[in-house]
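Colleague: For reference, the sequence and a predicted model appear below.
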Amino acid sequence: MRYIDKAKCHAPASYVAELKAAKLDEASILGGEHAGLTGDELFEKVKQLPSYKAMKRQLLDDQGYVCCYCNRSITGTGDITEHVEPKSANRHLVGEYKNLLVACEGGQQIPPTVVGRNQKARRRLYPLHCDQKKGDKAIPISPLSPKWEWEIHFNTLNGEVYGNPLVMDTVGKLNLNHPVLKKEREVEIASLCYDGSGNVLSNEQLDKVFTKMLTRDANGHYHNLYYVIASAALSLIR
């Protein structure tokens, strides 16, 4: 996951105004408004605000249209509004832009290629990941923390995520070594950081890959798994 600097990201003014008018902003909730509602119930109210969809689009634009956790491209179908600090323990942050990101659908839709005797068996073969795996738990390492940005590493041969114990705790809570995610990372790294014969690209070529991955396209989108590939390219430079 890559650091998302919320100090440089701003919610639409209409959303901020509507959140405050509905007394769903942090100050109002801490001041006692909606005292009988849970975090989930408060967020249901947030989602009814007219500018909620515009706020979601701004979140996606901030992130370059990739998942805040696995870094896969988000098409806008099935994506999740993620609360970095869980709703249950942080009711006051349910609508605050500084605590909101967008995650992918997290494996809710099991591909038809996954064959099992029943839904439960198919789910065992295709477990959840990202927000859907995390649920309402806190994670040690967040996309909002800059100090961890380059501490999460990727095996360039098999796509596995590795790092220190805090990294691995986070990886486990998000299931980032989900077999499908690993395979997708392996394929993307191989196609962009190695040549057709399986040899590592030259340092000059890897540097170009690194730069390209950190550059958005004309629509403001990052390449699928851009941070993964950038990190892999950086690690392969000799």
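Modeller: Nice, thanks for sending it over. Numbering: from 1, shown residues only.
Colleague: and the helix or strand hosting Ala27, average pLDDT?
Modeller: Assigned by DSSP states H and E, Ala27 belongs to helix 26-30. Regarding helix 26-30, the rounded mean pLDDT is 96.
Colleague: can you list contacts of that helix?
Modeller: With contact meaning C-beta atoms under 8 Å, 6 or more residues apart in numbering, helix 26-30 is reached by 20, 23, 34, 42, 91-94, 96. All C-beta atoms are positioned from the backbone trio N, CA, C, and that covers glycine.
Colleague: Where does Pro111 sit: helix, strand or coil?
Modeller: coil (DSSP: H, G, I helix; E, B strand; the rest coil).
Colleague: Verify the stated contact: it with Arg122.
Modeller: No. Using C-beta atoms under 8 Å, Pro111 makes no contact with Arg122, being 9.4 Å away.
Colleague: Of the two, give the one with the bigger neighbour count.
Modeller: Higher neighbour count among Pro111 and Arg122: Arg122, with 15 against 10, using other C-beta atoms under 10 Å.
Colleague: quick one: the more buried one and Gly78, what's the gap?
Modeller: For Arg122, the distance to Gly78 (C-beta to C-beta, to the nearest Å) stands at 17 Å.
Colleague: same deal with Lys47?
Modeller: Counting by C-beta to C-beta, the gap from Lys47 to Gly78 is 15 Å.
Colleague: which residues of the chain score low on pLDDT?
Modeller: Low-confidence segments of the chain (pLDDT under 70): 76-77.
Colleague: Can you show me the helices along it?
Modeller: 13-21, 26-30, 39-46, 52-63, 119-125, 131-134, 165-174, 179-193, 203-213, 226-236 (DSSP state H).
Colleague: Output those in JSON lines; the columns should cover distance to Phe154.
Modeller: Shown next, in JSON lines, are those (distance: least, C-beta to C-beta, whole Å):
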{"stretch": "helix 13-21", "distance to Phe154": "35"}
{"stretch": "helix 26-30", "distance to Phe154": "36"}
{"stretch": "helix 39-46", "distance to Phe154": "33"}
{"stretch": "helix 52-63", "distance to Phe154": "19"}
{"stretch": "helix 119-125", "distance to Phe154": "24"}
{"stretch": "helix 131-134", "distance to Phe154": "19"}
{"stretch": "helix 165-174", "distance to Phe154": "11"}
{"stretch": "helix 179-193", "distance to Phe154": "6"}
{"stretch": "helix 203-213", "distance to Phe154": "12"}
{"stretch": "helix 226-236", "distance to Phe154": "5"}
